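Q: take this sequence and fold it.
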Amino acid sequence: MVRLCLPVVIGWLLTSACALGAEASPDDLQAAIRKSAEQFEKSYAARDIKTLAGLFTPEAEYVDATGVVFHGREAISNEFAAVFSATPPGTLSIDVFSIRPIAAGVVVEDGLTVFRPQAEGPATLQRYTATHVRQTDGTWLLASVRELAAPVVSPHDRLQPALGWLTGHWRQESHGSVVDTNWAWSNDGSFLIGEFSARQPTGEALAGTHRIGWDAERGQFRSWVFSSDGGSADGWWSAADDGAWSLRLNGVDSDGSRQAATVTYQRDGGDALVITQSERVVDGESLPGFSNRVVRQPPAPVREAAAR
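A: This is a model prediction of the structure:
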């Protein structure tokens, strides 16, 4: 039995605590799922087994990816206890593919969950399908949860929930210098590509690219950075406990000197982030770290067509 499967697949939590009537619109169901997912994540972080088990009907069944069946709320509760005792803490993110009412008071959901351990390590993805049954008091409980065969996960599917929020135009202004970075997906969706340009108060300019992809051997995201002055660097990403992402870069400067730094990306609301450089070393000499706030730029206004 894969002890990690249960908390991974149950991350959606859906409409278990929501009193939605049979006439609920798809938008209402979607909103309820997101709200319940947030409630689940808090209970999962607290490892509140009683609350988690209470989301199932008394006779519910859970079938893991190996075919093992846990029948009844008590068995599911015991499995939660076994999972929490055997695995480190972590967080879940949820990608709901579809929500389908199939009968009065019965809803089927399909989706994908991503489990990330707090300690450094790769994420675990799991496809699932779940059946929800409306109770006499109007609430919804899980009657059946079934893990599906391990999905073929593309690099895009791995990058999107982790760093997809980077897409867009960002600007950093500090001490008279301006750095613009435009993040977008590659044509095949396998990479995030950042095109950056920097202008110094002295008039000196620099440009380059930053490509992020999936390294299958290490099970981590990897970066490659090249600048127009001949500098380059590469490194691997890791998730931090507070939701930030850190990138350890090693490379060479424009004069050929070796350099290294840890670059941390911490979101600050929906349209800003704080980029911190720490553990900086140039040719064996340690340098102080620093932080800059970067702001997402709004799209350029669309010019009206010339009057005919």
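
Q: residue contacts, Trp165?
A: Going by CB atoms under 8 Å, 6 or more residues apart in numbering, Trp165 touches Arg267. To be clear about C-beta, it is placed using only N, CA and C from the backbone, and glycine gets the same treatment.

Q: residue contacts, the residue lying closest to Ser174 once chain neighbours are set aside?
A: Closest residue to Ser174 apart from its sequence neighbours, by CB to CB, 6 or more residues apart in numbering: Asn292 at 5.3 Å. Listed by CB under 8 Å, 6+ apart, the contact partners of Asn292 are Gln172, Ser174, Val274, Ile275.

Q: what residues are bridge-paired with Asn292?
A: Applying DSSP bridges to Asn292 yields these beta-bridge partners: Ile275.

Q: on that earlier part again, dump the contacts of Asn292 to CSV, plus pLDDT, distance to Ala216 and neighbour count.
A: Conversion of the contacts of Asn292 to CSV gives the following (pLDDT from 0 to 100; distance: CB to CB, whole Å; neighbours: other CB atoms under 10 Å):
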residue, pLDDT, distance to Ala216, neighbour count
Gln172, 93, 32, 17
Ser174, 84, 37, 12
Val274, 95, 30, 14
Ile275, 95, 27, 18
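
Q: closest to Pro88 out of those?
A: Top of the list for closeness to Pro88, among the contacts of Asn292 and by CB to CB, is Val274 at 26.9 Å.

Q: which strand or helix spans the closest residue to the closest one other than its chain neighbours?
A: Distance criterion CB to CB, 6+ apart; nearest residue to Val274, sequence neighbours excluded, is Gln266 at 4.7 Å. Per DSSP states H and E: Gln266 is located in strand 258-267.

Q: can you list contacts of that strand?
A: Where contact means CB under 8 Å, 6+ apart, the residues beyond strand 258-267 that reach it are 165-166, 233, 240, 242-253, 273-284.

Q: of the contacts of Asn292, just say which sits nearest to Asn78.
A: Within the contacts of Asn292, distances to Asn78 taken as CB to CB reach their minimum at Val274, with 42.9 Å.

Q: contacts only, for the closest one.
A: With contacts defined as CB under 8 Å, 6+ apart, the neighbours of Val274 are Tyr265, Gln266, Asp268, Ser291, Asn292, Arg293, Val294.

Q: quick check: ChimeraX command selecting the buried ones in the contacts of strand 258-267.
A: Only the buried entries of those go into this ChimeraX selection, using 16 or more other CB atoms under 10 Å:
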select :166,233,245,246,247,248,249,251,253,273,275,276,277,280
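
Q: picking up where we left off before, adding distance to Pro161, write the contacts of Asn292 out as CSV.
A: Conversion of these to CSV gives the following (distance: CB to CB, whole Å):
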residue, distance to Pro161
Gln172, 25
Ser174, 30
Val274, 21
Ile275, 21
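
Q: and the two most separated of the residues you listed?
A: The widest separation within the contacts of Asn292, taken as CB to CB, falls between Ser174 and Val274 and amounts to 12.1 Å.

Q: could you list the low-confidence segments of the stretch 201-308 of the chain?
A: Across the stretch 201-308 of the chain, the ranges flagged by pLDDT under 70 are 241, 300-308.

Q: what about the strands in it?
A: Counting by DSSP state E, counting those that start in this stretch, residue ranges of the strands within the stretch 201-308 of the chain are 205-215, 220-227, 232-239, 245-252, 258-267, 272-282, 285-287, 290-297.

Q: elements contacting the shortest one?
A: Meaning strand 285-287. Counting by 3 or more CB pairs under 8 Å, 6 or more residues apart in numbering; DSSP states H and E, the packing neighbours recorded for strand 285-287 are strand 272-282.

Q: list the contacts of the helix or strand hosting Gln172.
A: For Gln172, the enclosing helix or strand under DSSP H and E is strand 168-174. Contacts of strand 168-174 from elsewhere in the structure, counted by CB under 8 Å, 6+ apart, are 178-183, 273, 275, 292-297, 299.

Q: re earlier: quick one: the strand holding Gln266 to strand 232-239, angle?
A: Between strand 258-267 and strand 232-239, the angle formed by their directions is 40 degrees, by axes from the mean of the first three to the mean of the last three CA atoms, to 10 degrees.

Q: tell me which residues of strand 258-267 are tucked away?
A: Neighbour counts over strand 258-267 (16+ other CB under 10 Å) mark Gln259, Ala261, Thr262, Val263, Thr264, Tyr265, Gln266 as buried.
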